[in-house]
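Q: Sequence and predicted structure, then a few things I'm wondering about:
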Amino acid sequence: MKEIFKNNCKISASILNADFMNLGKEIEMVEKAGVDMLHIDVMDGNFVPNITLGQPIVKEIRKHTKLFLDVHLMIKNPDRHIDSFVDSGADLINVHVEECKHLDRTLNYIKQHGIKAAVALNPATPLCFVENVFKYLDMILIMTVNPGFGGQQFIGEMVYKIQKLKTMINDYQNYSDNRKNIDIGVDGGINLETAPKVVAAGANVLVLGTAIYKASNPREIIESARRKFIL
């Protein structure tokens, strides 16, 4: 498994906001610009209103980049598709707590494939749903917008949620024999204005979409966002 992260701080480019007619060039651009990972939103039109892409596209992306692939399953019944996304080249599979009846079983199954496991929480979903599955987790993704569309406005109340999650993780690490690192990711409305707020609260994975792909100088945005980790 690829371990390419630097100083535990990561910039992830969300291809949801890329030009899909030129997806290869768009991925090459962010790779050269210095992102650590690609965030791939898989939407089914049921869990969220939009439909995006599936396993064949992930497989083609895997062939053409060495970047770490974070596959975010915004879909109904994600358990049915874990095997196929692992086979497609995902380095991490991110499932929504709202769609997993047996979350510990789902996360353990992902880990058994030798890749990383993450869970995402919608803005209104309380943190208590993940406090008993920390041992399986490599990342927890706090949705800072309601999922389904790119370019939405950041929900400011999520800063407090990130702070609470950071405290929960610290408590777990202090009182558990399993002192693994658990990343805190944020996804939705992250830009150079909101990045310092979420980093100060405890986030260390910034998912940037519109902020990168709509910028005249994406490299400058990525480098500026990375500097937000130095507070």
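A: On my side now, so go ahead. Computed from a predicted structure; not experimentally measured. Numbering: from 1, shown residues only.

Q: remind me, longest helix of the chain?
A: Taking DSSP state H as the criterion, the chain has its longest helix at helix 158-175.

Q: Show me what it is packed up against.
A: Counting contacts by 3 or more CB pairs under 8 Å, 6 or more residues apart in numbering; DSSP states H and E, helix 158-175 is packed against strand 139-143, strand 183-187, helix 195-201. C-beta: built from backbone N, CA, C; applies to glycine.

Q: what does the helix or strand bottoming out on mean pLDDT in the chain contact?
A: Lowest by mean pLDDT, DSSP states H and E among the helices and strands of the chain is helix 218-227, with a mean of 87. Under the contact criterion CB atoms under 8 Å, 6 or more residues apart in numbering, helix 218-227 has outside partners 9, 11, 13, 29-30, 32-35, 190, 192, 195, 206, 208, 211-212, 215.

Q: Any regions of the chain where pLDDT drops low?
A: Counting by pLDDT under 70, the chain contains low-confidence residues at 1-7, 150-151, 178, 230-231.

Q: Give the buried residues for the longest helix of the chain.
A: Buried residues in helix 158-175, counted by 16 or more other CB atoms under 10 Å: Met158, Val159, Lys161, Ile162, Leu165, Lys166, Met168, Ile169, Tyr172.

Q: Save the helices and strands packed on helix 158-175 as TSV, and put in mean neighbour count and distance to Val71 too.
A: Shown next, in TSV, are the helices and strands packed on helix 158-175 (neighbours: other CB atoms under 10 Å; distance: least, CB to CB, whole Å):
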stretch	mean neighbour count	distance to Val71
strand 139-143	25	12
strand 183-187	25	13
helix 195-201	19	22
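
Q: Tabulate the ones you listed (a markdown table), appending distance to Ile115.
A: Formatted as a markdown table, the helices and strands packed on helix 158-175 follow (distance: least, CB to CB, whole Å):
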| stretch | distance to Ile115 |
| --- | --- |
| strand 139-143 | 12 |
| strand 183-187 | 14 |
| helix 195-201 | 25 |
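
Q: Leu73: which of these is closest?
A: Closest to Leu73 of the helices and strands packed on helix 158-175, according to CB to CB: strand 139-143, at 11.1 Å.

Q: what angle sits between the closest one and strand 183-187?
A: On the basis of axes from the mean of the first three to the mean of the last three CA atoms, to 10 degrees, strand 139-143 is oriented at 30 degrees to strand 183-187.

Q: Strand 139-143: how far from the chain's middle?
A: 6 Å (CA atoms, centre = their mean, to the nearest Å).

Q: Give me the contacts around it.
A: 70, 72, 92, 94, 116, 118-123, 130, 158, 161-162, 165, 169, 182-188, 203, 205, 207.

Q: beta partners for the residue nearest to Ala120 when sequence neighbours are not counted?
A: Nearest residue to Ala120, sequence neighbours excluded (CB to CB, 6 or more residues apart in numbering): Leu141, at 4.0 Å. Taking DSSP bridges as the rule, Leu141 bridges to Ala120, Gly185.

Q: separation between Leu141 and Met29?
A: 24 Å (CB to CB, to the nearest Å).

Q: for Asn22, same thing?
A: Distance from Asn22 to Met29, by CB to CB: 9 Å.

Q: Quick one: end-to-end distance for stretch 202-216.
A: Distance between the two ends of stretch 202-216: 29 Å, counting by CA to CA, to the nearest Å.

Q: what comes up buried for it?
A: Buried residues in stretch 202-216, defined by neighbour count with 16+ other CB under 10 Å: 202-213, 215.
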